[in-house]
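Novice: generate a structure from the sequence data that follows.
(one chain, ligands or ions: 1)
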Amino acid sequence: MQHLSGIDRARAALEGGARLPAGTLSPAVAESWLRCRDLGLDPRATPQGGVIAFADVNRRREASSALRRLALAEMQLLHSQIAGSNFMIALGDADGVVLDTISDHRFSDSAAGRSIIPGSIWNESDRGTNALGLAALRREPVAVYGREHYFSCHGHLSCMAAPILDSGGRVLGLLDASCSEEARQQHTHVLVRMAASQIENGMIFQERTESFIFAFHPRVEYLDTLSAGLLAVSRDGEVLSLNRPANSLLAGLSTANGVHFDALFEAGFDMAMDGLLNGGVIRIRDRAGSGVFMVCRQIGHRGSIETPRRAGAAPAVLASPGAPDFVCEDHELRRATAELAEAVALRMPVHVTGETGTGKELMARHVHALSGRKGEFVAVNCGAVPEALFIAEIFGHERGAFTNARTEGAPGLARTADGGTLFLDEVADIPPSAQTALLRFLDSMELRAVGGHKTHKVDVQIVSATNRNLEELVASRAFRADLFYRLNAYTVRLPPLRSRSDFALVVQHLMDKIAPGIAITDAAIARLSLRNWPGNIRELHSVLQRALVRRHLEFVDEDSFADQEKSAEDCCEECRDHPLNRHKCREIRSAFRAAGDNVSKTARMLGLSRTTVYKHAR
Ligand SMILES: Nc1ncnc2c1ncn2[C@@H]1O[C@H](COP(=O)(O)OP(=O)(O)OP(=O)(O)O)[C@@H](O)[C@H]1O
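Specialist: Sure thing, here's the model as predicted:
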């Protein structure tokens, strides 16, 4: 109760513009309040806006891709440790902009949950005192409970945040757990700190694949814990990075950039290596005289055997056992898929975008093969399932849940995909009522059949795809923003065929598939490359098939497409792929030419509206 009355007095002073009573707040919070007051922020006002545009979120996500890869896996774990307790886990970048959230559905449906979304800015100067902003400023873990938040409108929130630092002490990102004030639990703070340390350590391993990594601690039984110091050391003994515990364990010694192992430990690098490379734990003294145990956690290798693949280093054809080959020499596509394997290894949901026929389903099958999962690849066309049945179709239904033909009950597609991949095609068409259910499922990987009482946990790789602009749908509120961010943890944008720099390779690949051994001339490829390809690779496939038929499966040259091009010229772009419309379209275009390219005259001749004529005559 004392704490409450203390905070009451402190708030009264803050909101009344008076001096803050001493001893009522932690120094970190008190200093933050004063900074906010100096900035002229009104604690009773509602902080303005504070959400950046989608494109910026994506740019920031890309800039933090290495961090996100590790953090998303930790966030999942953290979420499962504190699941069911009305919490949200958020990852922010160094500027306090939220990049990803995983949330308990009760929390995400609350006012607080709606304020912590990807793109929301939680730095101190925008949102006043809050854990994320304060942890970024202080570069240490911080908790801000209830009314300690500067703005009274955030008084129902409790947040615990820990910064994720690089070995130079710079903030790479922030991990935050937020809940409603009454749901807060002490141990969450510890879990968030542990997760942040785990990510920091992971970053050292991820970035230093060519270095030795040693763990050390004064007590041998702590070598496997998060308290152990980690040192990344080059083959010459130069210390390249240290984690936070290493810095504290070596306090008093200079660990500045480029320091040599010999300057930190009495036994020289070569002698230490003899013992460490034998796989054993050695005991050595640091230069301050303290004894520590040390073990080698990674043997650095030379060259590029395991160095992470950079954009530009990916192969021309992505091939995985069990998946159809995916031509991928185009540089945009290579960049988009450079880190796909890592994302899949971390079970990140993959979102594939691209025009119709660009290979979204093929990419989904490739992800499935990459995941090495033994279970099934289950594709759902979200646009084709009626709204009323969507949830039952995905999550199953118990016997008797429906009174029509579905009396028997079914496990649902998500359970069928257990151990495999669930491909949500045309994901933009998921009915609004099912979006919430899908979001809950993605957060917990648990589902309950319609009419059932038992929940089932499943393990599925999620791949979604659309050729619509999901960002616009989110902006118009037709698609839930939190679901959008959850699905596109890793996005692959497939370029349209007309802009692919590997066009010739795609043609050659399709030829090999359709008619192995039959040649296509360079001139034919050059001619095809001039087209617009609204139907992309699917359209190219059928154009090649028709050309092969015309040439009796002997060869394909530039004249093989003559009749196709002529008939294409005869109708407008939209009707070209619709056999049913083609006839009508040709009639309009020929009447238009006969009428001397006069739209009104053609319209009168055919008894059609001018708009219709214009649409086809263009
Ligand atoms: N990169 C590629 N390499 C080889 N073949 C490809 C590639 N991309 C697509 N294809 C082929 O093109 C055809 C269309 O691909 P797919 O069905 O995956 O497209 P999609 O984007 O899912 O289409 P839609 O949006 O209409 O559902 C398939 O025959 C596929 O094998």
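Novice: how about the most centrally placed residue in the chain: what's its closest non-neighbour residue?
Specialist: Nearest to the geometric centre of the chain sits Ala489, at 1.5 Å (C-alpha atoms, centre = their mean). Leaving aside its sequence neighbours, Ala489 sits nearest to Met348 (C-beta to C-beta, 6 or more residues apart in numbering; 4.3 Å). In this view, the C-beta of every residue, glycine as well, is placed from N, C-alpha and C.
Novice: tell me the phi and psi of that neighbour?
Specialist: phi -70, psi 140 (degrees, to the nearest 10).
Novice: likewise for Val380?
Specialist: According to degrees, to the nearest 10, Val380 has phi -120, psi 130.
Novice: what's the distance between whichever residue of the stretch 201-350 of the chain sits closest to the ligand and Glu355?
Specialist: When scored by C-beta to the nearest ligand atom, the stretch 201-350 of the chain has Val327 as its residue closest to the ligand, at 3.7 Å. Here Val327 is placed at a distance of 16 Å from Glu355 (C-beta to C-beta, to the nearest Å).
Novice: and these two? Which one has more around it.
Specialist: Between Val327 and Glu355, Val327 has the larger neighbour count (other C-beta atoms under 10 Å), namely 21 against 16.
Novice: how far away is that one from Asp512?
Specialist: 10 Å.
Novice: same check on Asp274?
Specialist: When Asp274 is compared with Asp512 (using C-beta to C-beta), they lie 55 Å apart.
Novice: and the residue of the stretch 351-500 of the chain closest to the ligand?
Specialist: When scored by C-beta to the nearest ligand atom, the stretch 351-500 of the chain has Gly359 as its residue closest to the ligand, at 2.4 Å.
Novice: now do the SS call for the closest residue to the ligand within the stretch 401-550 of the chain.
Specialist: When distances are taken as C-beta to the nearest ligand atom, the stretch 401-550 of the chain reaches nearest to the ligand at Ile537, 3.5 Å away. Each residue gets one of three states, and Ile537 gets helix by DSSP: H, G, I helix; E, B strand; the rest coil.
Novice: contacts only, for it.
Specialist: By C-beta atoms under 8 Å, 6 or more residues apart in numbering, the contact list for Ile537 reads 357-359, 497, 506, 510.
Novice: can you check Tyr614 too?
Specialist: Val599.
Novice: wait, a strand at it?
Specialist: No. Read with three-state DSSP, Tyr614 is helix and lies in no strand.
Novice: mind checking how far it is from the ligand?
Specialist: 28 Å (C-beta to the nearest ligand atom, to the nearest Å).
Novice: just to revisit the earlier point, okay, the contacts of Ile537 in a markdown table with secondary structure next?
Specialist: What follows is the contacts of Ile537, written out as a markdown table (three-state DSSP):
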| residue | secondary structure |
| --- | --- |
| Gly357 | coil |
| Thr358 | coil |
| Gly359 | coil |
| Leu497 | helix |
| Val506 | helix |
| Leu510 | helix |
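Novice: which of those tops the neighbour count?
Specialist: Leu497 (28 neighbours).
Novice: just to check, that one is in contact with Leu505?
Specialist: No. Contact criterion C-beta atoms under 8 Å: Leu497 and Leu505 do not qualify, at 11.7 Å.
Novice: ok, Tyr490 - how many residues close by?
Specialist: 24.
Novice: skipping its backbone neighbours, what lies nearest Lys374 in space?
Specialist: According to C-beta to C-beta, 6+ apart, the nearest residue to Lys374 is Gly419 (5.9 Å).
Novice: contacts only, for that neighbour.
Specialist: So Gly419 contacts 373-376, 459-460 (C-beta under 8 Å, 6+ apart).
Novice: work out for me the element the closest residue to the ligand within the stretch 1-150 of the chain sits within.
Specialist: Nearest to the ligand, among the residues of the stretch 1-150 of the chain, is Asn58, at 20.4 Å (C-beta to the nearest ligand atom). For Asn58, the element it lies in under DSSP states H and E is helix 54-63.
Novice: who's in contact with that helix?
Specialist: Residues contacting helix 54-63 (C-beta under 8 Å, 6+ apart): 52, 68, 93, 97, 99-100, 118-119, 471, 474-475, 485, 491.
Novice: how does it look with 10 Å?
Specialist: 51-53, 67-68, 91-95, 97-100, 117-120, 335, 470-472, 474-475, 481, 484-485, 488-491 (C-beta atoms under 10 Å, 6 or more residues apart in numbering).
Novice: quick one: buried residues of that helix?
Specialist: For helix 54-63, a neighbour-count test (16 or more other C-beta atoms under 10 Å) marks 54, 57-58, 60-61 as buried.
Novice: how about stretch 553-562?
Specialist: Neighbour counts using 16+ other C-beta under 10 Å place 556-558, 560-561 of stretch 553-562 among the buried residues.
Novice: which residues of the stretch 251-400 of the chain lie near the ligand?
Specialist: Applying C-beta under 6 Å from any ligand atom, we find that the stretch 251-400 of the chain lies next to the ligand at 324, 326-327, 354, 356-362.
Novice: which of those fall in helices?
Specialist: Among those, DSSP state H puts 360-362 in helices.
Novice: how about the contacts made by the spatially closest residue to Ala73 that is not a sequence neighbour?
Specialist: Spatial nearest neighbour of Ala73, excluding adjacent residues (C-beta to C-beta, 6+ apart): Leu346 at 4.8 Å. Contact analysis of Leu346 by C-beta under 10 Å, 6+ apart lists 68-74, 76, 489-490.
Novice: follow-up on the earlier one: got the contacts of Ile537 as TSV, with pLDDT columns?
Specialist: Formatted as TSV, those follow (pLDDT from 0 to 100):
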residue	pLDDT
Gly357	89
Thr358	94
Gly359	94
Leu497	93
Val506	93
Leu510	91
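Novice: between which two of the residues you listed is the distance greatest?
Specialist: Thr358 and Leu510 (13.7 Å; C-beta to C-beta).
Novice: domains in the protein, by residue range?
Specialist: 9-205, 208-298, 317-493, 497-569, 573-617 (automatic domain parsing).
Novice: which parts of this structure sit against the ligand?
Specialist: 324, 326-327, 354, 356-362, 467, 509, 537-538, 541.
Novice: packing partners for the one helix or strand Arg486 maps to?
Specialist: Arg486 belongs to helix 481-487 when elements are defined using DSSP H and E. Counting contacts by 3 or more C-beta pairs under 10 Å, 6 or more residues apart in numbering; DSSP states H and E, helix 481-487 is packed against helix 54-63, strand 98-103, helix 111-115, strand 350-353, helix 432-444, strand 461-466, helix 470-475.
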